[in-house]
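[1] task: produce atomic coordinates for the following.
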Amino acid sequence: MSRPWRKRLRSAVGYLLLLAVVVTAVDLWRNRDMPTALAVLGPLATLEGETINLAELSREQPVLIYVWASWCGVCRFISPMVDLVGDPVLSITIASGPDARVAGYMAHHGYDFAVVNDGHNQLARRLGIKATPTLMVASKGELEYATTGFTTLPGMYLRLWLAKIRS
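    Sure thing, here's the model as predicted:
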């Protein structure tokens, strides 16, 4: 490896580490008001009419919680990746219209993940959500990891894996 490439590689690694620190700090700051206990949500009804107790579901295995909106530009990139994660994923859509409209959006895009329609942002307020998309991992009845904005599929899998090995 020639010297200019070593210098560029060292700079790139330094910038990536700096970016990781900044992203982590921003996530911690944004999520400072987020509750840790899932009990604040109570039972949730999906568009399919299924009742889900997220606290109980997360005791069996970590659950990816995806808070999104149909009008969110970044969500258009994140939703297909969330769909690839598979079960267990629970999504909460905020301010996206009535159930029929959200169901039509899901069908149009071919998404299979479970959706709770939070038309009046009550769940989002209880969770302290201030921006979409927000991804969280619930494990053992508590919220463990949260990030807002763009994330990657490997980042989603990593957060689920970290929650699994911690339990």
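[2] which residues touch the helix or strand containing L160?
    Using DSSP states H and E, L160 maps to helix 153-166. For helix 153-166, contacts defined as C-beta atoms under 8 Å, 6 or more residues apart in numbering pick out 61-62, 64, 81-82, 84-85, 135, 137-139, 144-145, 147. C-beta here means a position set from N, CA and C on the backbone, and glycine is covered the same way.
[3] now swap in stretch 110-120 and tell me
    Residues from elsewhere that reach stretch 110-120 (C-beta under 8 Å, 6+ apart): 44-48, 50, 52, 66, 79-80, 82-83, 85, 89-99, 102-103, 106, 123-124.
[4] list the contacts for V63?
    Taking C-beta under 8 Å, 6+ apart, one finds 54, 57, 88-90, 137-139 in contact with V63.
[5] ok, back up a step: for the helix holding L160, buried residues please.
    Of the residues in helix 153-166, 156, 159-160, 163 count as buried by neighbour count, 16 or more other C-beta atoms under 10 Å.
[6] farthest pair in those residues?
    M156 and A163 (11.1 Å; C-beta to C-beta).
[7] if we can go back for a sec, can you give me the mean pLDDT across the helix holding L160?
    Averaged across helix 153-166, the pLDDT comes to 86.
[8] chain center to it, what's the gap?
    On the basis of C-alpha atoms, centre = their mean, to the nearest Å, helix 153-166 sits 12 Å off its chain's mean C-alpha point.
[9] likewise for stretch 96-105?
    Taking C-alpha atoms, centre = their mean, one finds stretch 96-105 lying 20 Å from the centre of the chain it belongs to.
[10] average pLDDT for that stretch?
    Here the average pLDDT along stretch 96-105 is 95.
[11] contacts for that stretch, please.
    Stretch 96-105 has contacts (C-beta under 8 Å, 6+ apart) with 47, 69-71, 93, 115, 117, 119.
[12] show me the shaky parts of this structure.
    For the chain, applying pLDDT under 70 flags the ranges 1-2, 20, 23-37, 167.
[13] how close does L84 get to I94?
    Going from L84 to I94 by C-beta to C-beta, to the nearest Å gives 22 Å.
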